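Asks: how would this look folded up:
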Amino acid sequence: MTPILFRRLAACCVRSRWTRMGAGLWLSLWLAACGSLPAFKQMPETLSPPVDPTTALARVVAASTPPGESSGFRLMPLGVYSLDARIELARRAQRTLDVQYYVIANDGAGRLLLRALKEAALRGVRVRLLVDDLYTATTDRLLRALAATPNIEVRLFNPFCCARENIAGRFIASAFDIRRLNHRMHNKLFIADGVMAVAGGRNIADEYFTLNTAQNFIDMDALVVGQVLGPLGAIFDDYWNSEEVYPIAAIVEPHGGRPFMAAEFDEWVGMAGPPPRVVLPPTDVLGYGPIGEELDAGRIGLLWGDASAVADPPAKLRSLTPEQALATSVTMRFWTQLLMAQHEVVLTSPYLVPGDNGMKAFEDLRRRQVEVTLLTNSLAANDEPLVHSGYARYRERLLKAGIDVYELSPARTTRSQRLGVFGSSLGRLHAKTAVVDRKTMFIGSVNLDPRSATQNTELGIAVHSPQLAREMLRIINISKLESAYRVRLSESGGRLEWLSMDDDKEIILYTEPESTWLQRLKINLLGPLVPEELL
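Replies: As a prediction, the model looks like this:
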């Protein structure tokens, strides 16, 4: 989920005891803040080794690759399948695991993955784990204990110096370092033995794999093999060895001695017993079965195409001005590809704040008679309500340009169940995907908002493959037609209308659907006050 650091800091502080103790104490703490990172860090450079063609995963890739093909993909729209793929790759890796995430939560999914990484390390696999430091308050001890395992290194991207028990304390202790800390690593990447990867939009937490009882995300990952693995490995190495990264041992104090830490980790993840079983349906919505069955058989079914992988530099803000960061960003490259469309653009973005330049790009596409379809979150589905206010500023202009706009409905998502069993939990959109002219597909971590463009680092993969594009469109259409409202202007053009089809009956709503009056009031009052560059 994209961070809006100043807003989240304010929200945390309102809830914390500091504000209740009065503005004077808050001010004194703020002015006294003077924490800093260690002046020196021992961090040996390591790189991805040459691929060993004798590993089990390498042999599967070789057996699965048709002559003359470049890079292979399998889309994974179903959360439990996506989690299972990571666990299967971790269990089968023989040489290396390179893992990079914005969020690894201390919950069922997070502990299952960390357990699989430790088990791999105990088999002799070299494990490199890189985590952004924004959301590690509840995982510090877990990650620090994992780092005590032989063959495992854990590093933190752009870490906070101190007061690490909660996010409010971290910011208070680093009050004079906010500009640096506003730069976060939003990438998601999992590479096994240098030959198979999982990349896309999912972090590691229950809600990305439809395992949360309160809220779950519709998201998208892909299993990736082939030539594009070389660039993906180089991207990981670039981050791993960057100045923005610190070994966790330089930031987090050990909790007890090393043997105690190891025992504590084992207790947390349940190493003494069998691993939790991820319950999988026989097939997903695309008709694929669990990846483990095909790995056992020695051959996997993939769709093939020419692919390229790009990522923002780790030093996006340290070495570049905001203007340079924008001009060279993954976001800008994404827009460049969209503007090359001749017939059709279909995209999903959970946090959609196009800005004036983005709007001009959309309007240029429409002037050239390119059909444009956008799927984003409704107010009720958005876990970042103020970001919704940034999107709402442009909603009418999007519709007047002739763009088809759809907003995800939590209630309709729950009823559909084709992209996961949501139970009574709230369904939200988190997938960042696009299809251009039914030939080229994009997948990655990029949101169409100011943070992705100028603050966060992002990773994206573009694939030229009509077959893969067709599968991505099928997934998007399921969400669009079964789990979303279509937004339109009334015939008079004076108001917005939300349309849905339930039981073959058209339903029209005239206010933000499934939202409360209090949610709408907050958006109307606070939304206009937040500068767009902070959304």
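Asks: for the strand or helix carrying Lys360, packing partners?
Replies: Element membership for Lys360, per DSSP states H and E: helix 355-367. When contacts are defined as 3 or more Cβ pairs under 8 Å, 6 or more residues apart in numbering; DSSP states H and E, helix 355-367 packs onto helix 330-338, strand 371-377, helix 385-400. In short, each C-beta sits where N, CA and C put it, glycine included.
Asks: out of these, which is the most enclosed?
Replies: strand 371-377 (a mean of 23; mean count of other Cβ atoms under 10 Å).
Asks: can you list the weak-confidence ranges in the stretch 1-150 of the chain?
Replies: Within the stretch 1-150 of the chain, the stretches with pLDDT under 70 are 1-35.
Asks: which stretches of it form strands?
Replies: 71-76, 96-101, 126-132 (DSSP state E, counting those that start in this stretch).
Asks: same list, those strands, but as JSON lines with distance to Lys522 and mean neighbour count please.
Replies: Below are the strands of the stretch 1-150 of the chain laid out as JSON lines (distance: least, Cβ to Cβ, whole Å; neighbours: other Cβ atoms under 10 Å):
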{"stretch": "strand 71-76", "distance to Lys522": "35", "mean neighbour count": "26"}
{"stretch": "strand 96-101", "distance to Lys522": "31", "mean neighbour count": "25"}
{"stretch": "strand 126-132", "distance to Lys522": "28", "mean neighbour count": "23"}
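Asks: how about those, which one is nearest Gly226?
Replies: Closest of these to Gly226 is strand 71-76, at 3.5 Å (criterion: Cβ to Cβ).
Asks: what helices or strands is that closest one leaning on?
Replies: Judged by 3+ Cβ pairs under 8 Å, 6+ apart, strand 71-76 is in contact with strand 221-226, strand 303-311, helix 466-482.
Asks: which one of those lies nearest to Glu407?
Replies: Per Cβ to Cβ, nearest to Glu407 of the helices and strands packed on strand 71-76: helix 466-482, 10.0 Å.
Asks: for the closest one, what is the distance to the chain centroid?
Replies: Relative to its chain's centre, helix 466-482 lies at 19 Å (Cα atoms, centre = their mean, to the nearest Å).
Asks: residue contacts, the spatially most central residue of the chain?
Replies: The residue lying closest to the centre of the chain (Cα atoms, centre = their mean) is Gly201, at 3.6 Å. Applying Cβ atoms under 8 Å, 6 or more residues apart in numbering to Gly201 gives the contacts Lys188, Asp219, Met220, Asp221, His430, Ala431, Lys432, Thr433, Ile443, Gly444, Ser445.
Asks: burial check on the residue found closest to Ala85 once you drop the neighbours it is linked to in the chain, number of neighbours?
Replies: Once flanking residues are discounted, Ala85 sits nearest to Ile291: 4.8 Å by Cβ to Cβ, 6 or more residues apart in numbering. Ile291 has 24 neighbours, counted by other Cβ atoms under 10 Å.
Asks: let me see the contact set for Ile291.
Replies: Ile291 neighbours (Cβ under 8 Å, 6+ apart): Arg74, Tyr81, Asp84, Ala85, Glu88, Leu223, Ile300.
Asks: picking up where we left off before, now the helix holding Lys360 against strand 371-377, angle please.
Replies: With axes from the mean of the first three to the mean of the last three Cα atoms, to 10 degrees defining the directions, helix 355-367 sits at 140 degrees from strand 371-377.
Asks: mean confidence (pLDDT) on helix 355-367, please.
Replies: The predicted model assigns helix 355-367 a mean pLDDT of 95.
Asks: from now on call the first residue 182
Replies: From this message on, residue numbering opens at 182, which makes the last subject helix 536-548.
Asks: show me the chain divided up by domain.
Replies: Using automatic domain parsing, the domain parsing of the chain gives 257-452, 492-715.
Asks: deepest-packed of those domains, please.
Replies: Neighbour counts (mean count of other Cβ under 10 Å) averaged over each of the domains of the chain peak at domain 257-452, with a mean of 21.
Asks: please report how far the residue nearest to Tyr587 when sequence neighbours are not counted lies from Cys343.
Replies: Closest residue in space to Tyr587, ignoring its immediate chain neighbours: Ala665 at 4.2 Å, by Cβ to Cβ, 6+ apart. Note on Ala665: its distance to Cys343, by Cβ to Cβ, to the nearest Å, is 44 Å.
Asks: same deal with Leu649?
Replies: Distance check for Leu649 against Cys343: by Cβ to Cβ, it reads 46 Å.
Asks: swap in Leu311?
Replies: From Leu311 to Cys343 the distance is 21 Å (Cβ to Cβ).
Asks: what do you get for Leu498?
Replies: 22 Å.
Asks: Val668 - nearest residue in space that isn't next to it in sequence?
Replies: Leaving aside its chain neighbours, Val668 sits nearest to Val586 (4.5 Å; criterion: Cβ to Cβ, 6+ apart).
Asks: which residues sit in contact with that neighbour?
Replies: Val586 neighbours (Cβ under 8 Å, 6+ apart): Leu555, Thr557, Arg576, Leu579, Leu580, Arg667, Val668, Arg669.
Asks: got the confidence number for the nearest residue to Pro535 once chain neighbours are set aside?
Replies: Distances taken as Cβ to Cβ, 6+ apart put Tyr575 closest to Pro535, at 5.5 Å, once the chain neighbours are dropped. For Tyr575, the model assigns a pLDDT of 95.
Asks: OK, contacts around Tyr575?
Replies: Tyr575 neighbours (Cβ under 8 Å, 6+ apart): Val534, Pro535, Gly539, Met540.
Asks: next one: Thr554
Replies: Taking Cβ under 8 Å, 6+ apart as the definition, contacts of Thr554 comprise Glu525, Val526, Val527, Leu528, Ile584, Asp585, Tyr587, Lys661.
Asks: quick check: which ranges of the stretch 582-716 of the chain have low pLDDT?
Replies: Checking the stretch 582-716 of the chain against pLDDT under 70 turns up 602, 604-605, 714-716.
Asks: mind pulling up the phi and psi values for Pro531?
Replies: phi -70, psi -30 (degrees, to the nearest 10).
Asks: quickly list what the residue nearest to it when sequence neighbours are not counted is bridged to.
Replies: Once flanking residues are discounted, Pro531 sits nearest to Leu610: 4.5 Å by Cβ to Cβ, 6+ apart. Note on Leu610: beta-bridge partners by DSSP bridges are Ile399.
Asks: all good on my end, thank you.
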